[in-house]
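J.: Could you look at this predicted model? Sequence included:
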Amino acid sequence: MIHTDGLTKWFKVTRGEYVHAVRAIDLSVGEGELAAVLGPNGAGKSTTLRMLTTLLEPSEGRATVAGHDVRSARAAVRQRIGYIGQGNGAGHYQRVRDELVVQGYAYGLRRREAHRRADELLDTLQLTELAKRTVATLSGGQRRRLDIALGLMHAPPVLFLDEPSTGLDPQNRANLWEHVLAVREQFGTTLLLTTHYLDEADAMAERVVIIDHGRIIADDTSERLKAGLAGDRVSVVAADPEDAARVAELAVTAGEVHEASTDGPVVTVRAPEGRALLPAWLRTLDAEGLKVSSADVARPTLDDVFLSLTGRSLREEAGDLPVATPEQVAA
Ligand SMILES: Nc1ncnc2c1ncn2[C@@H]1O[C@H](COP(=O)(O)OP(=O)(O)OP(=O)(O)O)[C@@H](O)[C@H]1O
């Protein structure tokens, strides 16, 4: 549904200086997939989305969405996508249902179809009770749901959402996600969204694309990214700190282990399958007569993945991209 080949964007900032916002991105998202694009501030997420939605012309490379080229078939792409940007699209003084119907007309729906679709979306996004309220009276979470409904009025097969949950409290974020998943379930929509929230991408998206400095640095299921790059963190606390070195040695005999470290009585290892390693490790320790006071397995997070790829934490704000001369951009 979404394919890019060397998709690139640079912006001229001053004479002779450019920001290389997106660098040769190759991405492929299949029909009905839900992919989250994750990355620090300024990584190039919005710029990528804006190229895929025909709002920005790529500097180089190619992209097709729903089978049409974003450069040469902009109108065809626009007919087949919904885009919910970071701003709020709905007018303030219109009633909710009217806003949807007018949007339907803008996309060329006939009266009956626009009304039917508006009611269907009000139902899916649990806005029916608010249908007669003016947009200005809605809460932040309700407005975000209305934005999604607006983006879906013309039944696009692909929906792009740029940071849909930013600014919402945790309860409203969870609620929004329920609705995004319901949309996919009901309409089979392909969804590509950007988010800052690691936990959200982890829990909801089946596919996580991590962008840093305009490049894709990881693209896989969250589970595989975490298992392959970070591994579970397994800790055992020796009852006697003198045993710590021996406890660490025995971890290796219990299963596959990467990086072992000791800190006083605490022995920590990384393991691809922590939940399998820990009982085997404890059995080995028991057989050797070594006493343990506590043990723990922590699943890796996407932040661990980002850290192991870049040496930085995704939770820290990334600085702006350096500007470059045209020669550097070309290189
Ligand atoms: N019109 C523009 N002119 C110059 N530079 C731009 C322009 N638009 C974006 N940039 C720069 O391109 C880089 C990527 O920006 P982009 O908005 O795509 O990042 P992002 O990952 O979406 O960030 P955020 O999470 O903060 O929204 C940034 O360094 C940004 O300052």
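T.: Yep, it's here.

J.: Test my guess that Leu125 contacts Leu181.
T.: No: proximity of Leu125 to Leu181 does not meet the contact threshold set by CB atoms under 8 Å, at 11.7 Å. To be clear about C-beta, it is placed using only N, CA and C from the backbone, and glycine gets the same treatment.

J.: Near Ser46, how many other residues are there?
T.: Other residues near Ser46 number 19, with proximity taken as other CB atoms under 10 Å.

J.: Backbone dihedrals for Ala244, please?
T.: Dihedral angles of Ala244 (phi, psi; degrees, to the nearest 10) stand at phi -50, psi -40.

J.: mind checking pLDDT for it?
T.: Listed pLDDT for Ala244 reads 94.

J.: who's in contact with Val180?
T.: With contact set as CB atoms under 8 Å, 6 or more residues apart in numbering, Val180 has these partners: Leu34, Ile148, Leu161, Pro164, Leu191, Leu193, Met204.

J.: Next, the contact list for the fifth one, please.
T.: Okay, so that is Leu191. With contacts defined as CB under 8 Å, 6+ apart, Leu191 is in contact with Glu33, Leu34, Ala35, Val158, Leu159, Phe160, Leu161, Val180, Val183, Arg184.

J.: Can you verify Arg117 is assigned to a strand?
T.: No: checked against DSSP: H, G, I helix; E, B strand; the rest coil, Arg117 lies outside a strand; its state is helix.

J.: Where does the prediction get shaky in the stretch 151-300 of the chain?
T.: For the stretch 151-300 of the chain, applying pLDDT under 70 flags the ranges 229-230.

J.: what are the ranges of the strands in it?
T.: Using DSSP state E, counting those that start in this stretch, the strands of the stretch 151-300 of the chain run over 158-162, 190-195, 207-212, 215-220, 232-238, 258-263, 266-271, 292-298.

J.: could you give the angle of the second one to strand 207-212?
T.: If I follow you right, that is strand 190-195. 40 degrees (axes from the mean of the first three to the mean of the last three CA atoms, to 10 degrees).

J.: and the angle for strand 190-195 with strand 158-162?
T.: Regarding strand 190-195 and strand 158-162, their directions subtend 0 degrees when assessed with the same axes, to 10 degrees.

J.: Direction included, what does strand 190-195 pair against?
T.: Paired neighbours of strand 190-195 in the sheet (DSSP bridges): strand 34-38 (parallel), strand 158-162 (parallel).

J.: hmm, the first one in reach of the ligand?
T.: This means strand 34-38. No: no part of strand 34-38 sits near the ligand under the criterion CB under 6 Å from any ligand atom; the closest distance found is 8.3 Å.

J.: Next, the angle from that strand to strand 215-220.
T.: In terms of direction (the same axes, to 10 degrees), strand 34-38 departs from strand 215-220 by 140 degrees.

J.: So which elements touch the helix or strand just after strand 34-38?
T.: Towards the C-terminus, the helix or strand next in line after strand 34-38, according to DSSP states H and E, is helix 45-52. Using 3 or more CB pairs under 8 Å, 6 or more residues apart in numbering; DSSP states H and E, the elements in contact with helix 45-52 are strand 2-14, strand 17-29, strand 34-38, strand 60-65, strand 158-162, strand 190-195.

J.: repeat that with 10 Å
T.: In this structure, helix 45-52 makes packing contacts with strand 2-14, strand 17-29, strand 34-38, strand 60-65, strand 81-84, strand 158-162, strand 190-195, strand 207-212, judged by 3 or more CB pairs under 10 Å, 6 or more residues apart in numbering; DSSP states H and E.

J.: about what we covered before: top of the contacts of Leu191 by number of neighbours, please.
T.: So for the contacts of Leu191 (other CB under 10 Å), the most neighbours sit at Phe160, 26 neighbours.

J.: Report the contact partners of it.
T.: Counting by CB atoms under 10 Å, 6 or more residues apart in numbering, Phe160 makes contact with 2, 37, 48-50, 52-53, 55, 65, 81-85, 151, 190-194.

J.: got a list of what the nearest residue to it once chain neighbours are set aside touches?
T.: The shortest distance from Phe160 to any residue that is not its chain neighbour, by CB to CB, 6 or more residues apart in numbering, is 4.8 Å, and that residue is Tyr83. Tyr83 makes contacts with 49-50, 52-55, 89, 147, 151, 156, 158-162, as judged by CB under 10 Å, 6+ apart.

J.: Any of those buried? List them.
T.: A residue is treated as buried here by neighbour count (16 or more other CB atoms under 10 Å); on that basis the buried members of the contacts of Tyr83 are 49-50, 52-55, 147, 151, 156, 158-162.

J.: Output those as TSV; include the columns distance to the ligand.
T.: Output for the buried ones among the contacts of Tyr83, formatted as TSV (distance: CB to the nearest ligand atom, whole Å):
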residue	distance to the ligand
Leu49	8
Arg50	7
Leu52	12
Thr53	13
Thr54	16
Leu55	11
Asp147	17
Gly151	18
Pro156	22
Val158	19
Leu159	17
Phe160	12
Leu161	13
Asp162	7
